[in-house]
Each structure stands twice: as structure tokens, then as C-alpha cells.
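S.K.: any chance you can model this:
(one chain, ligands or ions: 2)
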Amino acid sequence: MLVFGTRPEAIKMCPLVRELQEQPDDFETLVCVTGQHRQMLDQVLEAFSVTPDYDLAVMEPGQTLFDITCHVLLNIKEALETSHPDIVLVHGDTTTSFAAALACFYLQIPVGHVEAGLRTRDLYSPWPEEFNRQAVDIISKYYFAPTEQARQNLLAEGKAAEHIYVTGNTGIDALRTTVHDGYTHPDLAWAQGSRLVLITAHRRENLGAPMHRLFRAIRRVMEEHPDTKAIYPIHMNPLVRSAAHAELDGFDRLRIIEPLSVLDFHNFLAASHAVLTDSGGIQEEAPGLGKPVLVMRDTTERPEGVEAGTLKLVGTQEESIYRSFTELLDNESVYEAMAHASNPYGDGHASKRIASILREST
Ligand code: UD1
Ligand code: UDP
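M.R.: Ligands and ions are numbered 1, 2, ... in the order given. Now for the predicted structure:
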């Protein structure tokens, strides 16, 4: 059984769902979505034509970490007890993954962790994701680490070496199927002829004052660079929306649009000049496409992209974002040094590897 509930988990688990479903002689595949996200999850399920067997429908407006944890933990019990999975696969660092893994622990069902081993070692950054990821790794039996660095992190914590597999990131599997030449979209047509800046922001630790600072810095730099246009597919969190509208409304070279389907978003990424984000998944996708990313966070659990030169960690202070964004737009050699494709996150065959490991080990 694969359990997931938010947009990024779905984008990275659906390729694996499809891979396992293509091998019905070896696997009976069940999909349980928690519905931690609703619209943004359904968008991905539709894009990959995945129909869940269980939908726990937990999302509430303004949900707290208490709400998500308790509702997932209580609601998943019956799904696990009725289906008796041999193994449950969870992904990454969300509260869905943490609570689902905890439920499996209580029922003594083995857990496989997809995207295991990423670390900042600061429990409060990203918050609560660093805790979630470490907690899932305590519970898990099988570790599907996207990179060698992630494997080393797990080994350093004493995890069993024979159960750690370096597979690449399944997000890159998705990217291989979505980007294509000749893609068009009315918003891209609007930006044609300008340098396109793609923006996303949503982290819990950035809600409130930091988020206002990020948006103010972006707007100041863009006002000084008339050859830029920005597209910002905005997260559905109302707290993100109010901060964005407060800081960015009335600036006509920046378009706030509804969340894009992953098929569209990956093609927007491919068409962009630069990306400003606090997202985790985009830090993995952009290096593969050679797109410079300014990461508006204080820490990253994805150092491989920073080492590859495509990502720059710019913090959440207005002046540091202002300076780095200005430099990226004005200094050609800085831009060129970042804008080369290098893919530290695998070759796009991670799902195949995970399927064959599962076939042999379970
Ligand atoms: C969650 C994850 C985060 C991940 C992010 C991806 C946790 C604690 N956080 O954060 O790790 O990076 O998803 O986007 O697991 N909402 C909707 N419709 C949707 C999705 C969200 O209306 O489809 C609104 C709801 O009001 C919800 C709020 O957004 O209460 C926040 O969603 P939530 O899942 O709690 O947190 P995220 O910040 O999205
Ligand atoms: N994404 C998308 N539509 C959008 C914005 C992002 O499909 O409008 C995709 C993006 O390609 C990446 C994932 O969503 O795969 C990242 O999700 P998010 O930023 O919500 O979460 P995080 O990765 O930070 O956990």
C-alpha cells in the first residue's frame, strides 16, 4: 500500500504506483490518500490517472499539525486493518507520512520510506518536516535514498546498511514524462519576449513576516528590471494568499495564477529564466533543467543541488534576497555559472529500481 496526501508526495509517488500496477503478477497495489491536500492532490491524481482505493479526506481549512496528525492516525487504522498490507510505502517528510508511519508502527506493519535520509539536522528547519523525516526513518524497515549523501546520513545514524538503497528520486521519473518541446500556454505567451521568473512559496516556517519580506524583495528587484515578467502559481493556503496579495497586487508584470497541473508546471519551469522558491521538490527538478534557483529558506536538506551550482540558498531576509536576485539578473557570469543542467537526483528510473528491490526483498 502506498500512502500519500499532499501535492509533492503525489507527484513523486504516482510514478511508483504506475510502475507497481504494471506488474500485477508480482504486486497487489493499493493506494491510500489521506487528503491532507484536496484540490492540489486531486490535480496530480488526475494528471497520472491514479484512482485511490482509500481516501481519508482529512483536509480542513486552517488545519493545524494536531488536526492532520490525529485525523490521519485515527482514520488510517481501519484501512490498514481491513487491507493487511505486507508493506506500506510512505514518502518524504509530510505530516501525512509521519502519521501513516506511526500507525504502521502501532500495527507492526513494515514501512518503506521513499526519499529517505535527507537531513538538515535542525529539527526546527524545515519545520515540522525535519522531525517528520527523521521520525519516519526511525520506524522504517526499508530506505529508498535518492542520493549517496542521503545514504551516508542514514548510515551515520546506524540504520541497517543492507536495507538502504540508493535509487534516485522518483520526482525525476515524473519530470521525464512531462516536459516537451512545442508546449504552449496563454500565460507563457504573455511572458514571451521577457525574462520569465517563476515564483512559488508556501513553507510553514515562512508564513507571516518572512513571507512578506520575500515578496517585497522580489517586487523591488522586478520594478528595477523592466525586461522581466513573473508568473506565480499560488499555493492554496489562505495565509500564503493574503500575504501575496498584500505585497504583490497592482504590479502588472507579475501574474498570480491558480496552482498549475504538474504537466503545466514542469513546462513553465523549462521555459523560465530563473526560479525563486522555498519549495523542496522544485530544488530537485530545476537542476535537471538547468534553471537557476534562489532558495528562499535558511536551510536546505538538498545540498546536492547547491553543490551542483544550480541552487543558491538566499535566506529569508529582504536585503539578502534583493541582492542575490539583482546579481542573478545583472551579472551574466553568475547566471551562466548557475544555468547548466546537472542532475544529482538520478536518471529517471527510480520507480523501476524500487519495484525490483521490493520484488526481491519482501
Ligand atoms: C504541506 C506539508 C509540506 C509540503 C506542502 C506541499 C506538512 C506539515 N506540510 O504543507 O511539507 O511542503 O504540503 O505543498 O505536512 N489547502 C487547500 N487545498 C489544497 C491544499 C491546501 O485549501 O489542495 C489549504 C488548506 O486551507 C490547508 C492549508 O492550505 O489548511 C495548508 O495545508 P497543509 O497541508 O496543512 O500545509 P502545507 O503548508 O500545504
Ligand atoms: N508544482 C505543481 N504546480 C504548481 C507548483 C508546483 O505541480 O503550481 C509541483 C512542482 O513541480 C513540484 C511540487 O509541485 O513537483 C512541489 O510541491 P510544493 O512546492 O507544494 O511542496 P514541497 O516540494 O515544498 O514539499
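S.K.: show me what from the stretch 251-362 of the chain comes close to ligand 1.
M.R.: G280 (CB under 6 Å from any ligand atom). C-beta coordinates here come from the backbone N, C-alpha and C atoms, glycine included.
S.K.: all helices for the stretch 251-362 of the chain, in order.
M.R.: 262-271, 281-289, 303-307, 318-330, 332-338, 350-361 (DSSP state H, counting those that start in this stretch).
S.K.: please identify the most buried of these.
M.R.: helix 281-289 (a mean of 25; mean count of other CB atoms under 10 Å).
S.K.: get me the contact residues on the stretch 1-150 of the chain for ligand 1.
M.R.: Near ligand 1, when you scan the stretch 1-150 of the chain using CB under 6 Å from any ligand atom, you find 6-8, 36-40, 61-63, 65, 68, 93-95, 128-129.
S.K.: which among those residues count as buried?
M.R.: Buried members of these, counted by 16 or more other CB atoms under 10 Å: 6-8, 36-38, 40, 68, 93-95, 128-129.
S.K.: mind checking which of the residues you listed are in helices?
M.R.: R7, P8, M40, I68, T95, E129 (DSSP state H).
S.K.: same list, the buried ones among the residues of the stretch 1-150 of the chain next to ligand 1, but only the ones touching ligand 2.
M.R.: Answer for those near ligand 2 (CB under 6 Å from any ligand atom): R7, P8.
S.K.: now, among the buried ones among the residues of the stretch 1-150 of the chain next to ligand 1, which is nearest to T51?
M.R.: R38 (15.7 Å; CB to CB).
S.K.: returning to what we had before: rebuild the helices of the stretch 251-362 of the chain as CSV, extending it with mean pLDDT.
M.R.: Output for these, formatted as CSV (pLDDT from 0 to 100):
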stretch, mean pLDDT
helix 262-271, 97
helix 281-289, 93
helix 303-307, 93
helix 318-330, 98
helix 332-338, 96
helix 350-361, 96
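S.K.: of all those, which one is nearest P24?
M.R.: Here helix 350-361 is closest among the helices of the stretch 251-362 of the chain (CB to CB), at 12.0 Å.
S.K.: show me what that closest one is packed up against.
M.R.: helix 7-21, strand 111-114, strand 142-145, strand 164-166, helix 170-178 (3 or more CB pairs under 8 Å, 6 or more residues apart in numbering; DSSP states H and E).
S.K.: in CSV, list these along with mean pLDDT.
M.R.: Converted to CSV, these look like this (pLDDT from 0 to 100):
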stretch, mean pLDDT
helix 7-21, 98
strand 111-114, 98
strand 142-145, 98
strand 164-166, 98
helix 170-178, 90
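S.K.: okay, these in CSV with distance to G288 next?
M.R.: Below are the helices and strands packed on helix 350-361 laid out as CSV (distance: least, CB to CB, whole Å):
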stretch, distance to G288
helix 7-21, 14
strand 111-114, 18
strand 142-145, 18
strand 164-166, 17
helix 170-178, 6
